[in-house]
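>>> Have a look at this fold, sequence not included:
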């Protein structure tokens, strides 16, 4: 088998979030070109830091009170920077040849270096270089270990199932309406104004762990049948047409799934469900955040928080003209919504039929391709 065929096969598995299937040397080979989408996204964020420094003259975002024109542009850039980074990363990921993706990666690295000089979070250039080098190193490490391919697959899967997420949001309307009562509760706002951000993150992490346990336990029950034995069916040949495995015959006696491959399969399914539920929960939290921006006024904030709430808030180290109790209340409601939806996803038959069953069918087909891939490796 030629090298391009082997590369196409292994890239096919990496795109589907199963790095445990391919050879260990494959994860290290072409690591720069495979990291190019993430590097491109990081370059967009780095370029945004240059814009912030040029507009405000500061390396930190500190906006309180009514923003002026330049600060308004900075706020707008904060809103669009993550979607822009995802779009640029997606466009780079569509580049098929390793050489061109490597060129895109080097171009992104150049922008990151320029941002360390003319932008960045610190006035000290060497600090910016250390942080940039650390970020690039983390991206390369995630790619070399295969975790980057799983993260990329989860992001693509979440984006491709936005229609299902909207349907899940409609079915979650009862809890959304109930959460409205929580949102307009004085004691919730008082707690949000008093509790520290660190304690709030601990509480959110606790709720997230419980919800994730629901999803992982149900995932194990649903995935266990396909982990035992992946027998190829007559329809698999048609479904594998157009893939690098269409001309490979199914052979019995292929090596069973290793422990790492089993863990990879379970993690992929669980990550896909978490991505779906988290998308709906974040959409719900965004609705409440915008609602708070509309209805909240200084007198109402003082009344709900008993004069304990700050009129500016901290998000990722940035000071923004958004009341901190609104940020904390939105975080709590998002976590509660996530926990409810995770429990509902375990018992919702319609959700399983529309999302989980097709996902498991696609995963079973991927494991059939894995058996064909392993049979060719054994032959050589």
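Looks like it arrived, so ask away. Predicted model, so just to flag it, every value in this text is computed and none were measured.

>>> what's the distance between residue 110 and residue 119?
Using C-beta to C-beta, to the nearest Å, one gets 14 Å for the distance from residue 110 to residue 119. Where C-beta positions appear, they are placed from N, C-alpha and C, glycine not excepted.

>>> Show me what the helix or strand hosting residue 80 packs onto, helices and strands only.
According to DSSP states H and E, residue 80 maps onto helix 69-93. For helix 69-93, the packing partners by 3 or more C-beta pairs under 8 Å, 6 or more residues apart in numbering; DSSP states H and E come out as helix 31-56, helix 98-118, strand 318-320.

>>> who touches that helix?
Counting by C-beta atoms under 8 Å, 6 or more residues apart in numbering, helix 69-93 makes contact with 36-38, 40-45, 48, 51-52, 55-56, 61, 63, 67, 101, 104, 108, 152, 155, 318, 320, all of which sit outside it.

>>> More neighbours: which of residue 110 and residue 119?
Looking at residue 110 and residue 119 with other C-beta atoms under 10 Å, you find the greater number of neighbours at residue 119, namely 22 against 11.

>>> Relative to residue 55, how far out is the more buried one?
The gap separating residue 119 from residue 55 is 11 Å, by C-beta to C-beta.

>>> where's the residue nearest in space to the middle of the chain, which helix or strand?
Closest to where the C-alpha atoms of the chain average out (C-alpha atoms, centre = their mean) is residue 155, at 5.2 Å. In this structure, residue 155 is located in helix 147-160 according to DSSP H and E.

>>> now that helix: mean pLDDT?
Model confidence over helix 147-160 averages 80 on the pLDDT scale.

>>> If you count contacts, what does it end up packed against?
Identification of packing neighbours for helix 147-160 by 3+ C-beta pairs under 8 Å, 6+ apart yields helix 3-15, helix 31-56, helix 125-145, helix 259-295.

>>> average pLDDT for the first one?
Right, helix 3-15. Regarding helix 3-15, the rounded mean pLDDT is 75.

>>> So, low pLDDT: which residues of this protein?
1-5, 64-65, 161-180, 228-234, 236, 250, 252-254, 377-380 (pLDDT under 70).

>>> Residue 273: what's it in contact with?
Contact analysis of residue 273 by C-beta under 8 Å, 6+ apart lists 215, 219, 342, 345, 355, 356.

>>> Chain neighbours aside, what residue packs nearest to the last one?
Spelled out, that is residue 356. Setting aside the residues directly before and after it, residue 356 is nearest to residue 222 in space (C-beta to C-beta, 6 or more residues apart in numbering), at 6.4 Å.

>>> any idea how far residue 265 is from that neighbour?
When distances are taken as C-beta to C-beta, residue 222 and residue 265 turn out to be 11 Å apart.

>>> more crowded one of those two?
residue 265 (25 against 17).

>>> How about the secondary structure of residue 249?
Using DSSP: H, G, I helix; E, B strand; the rest coil, the secondary structure recorded for residue 249 is coil.
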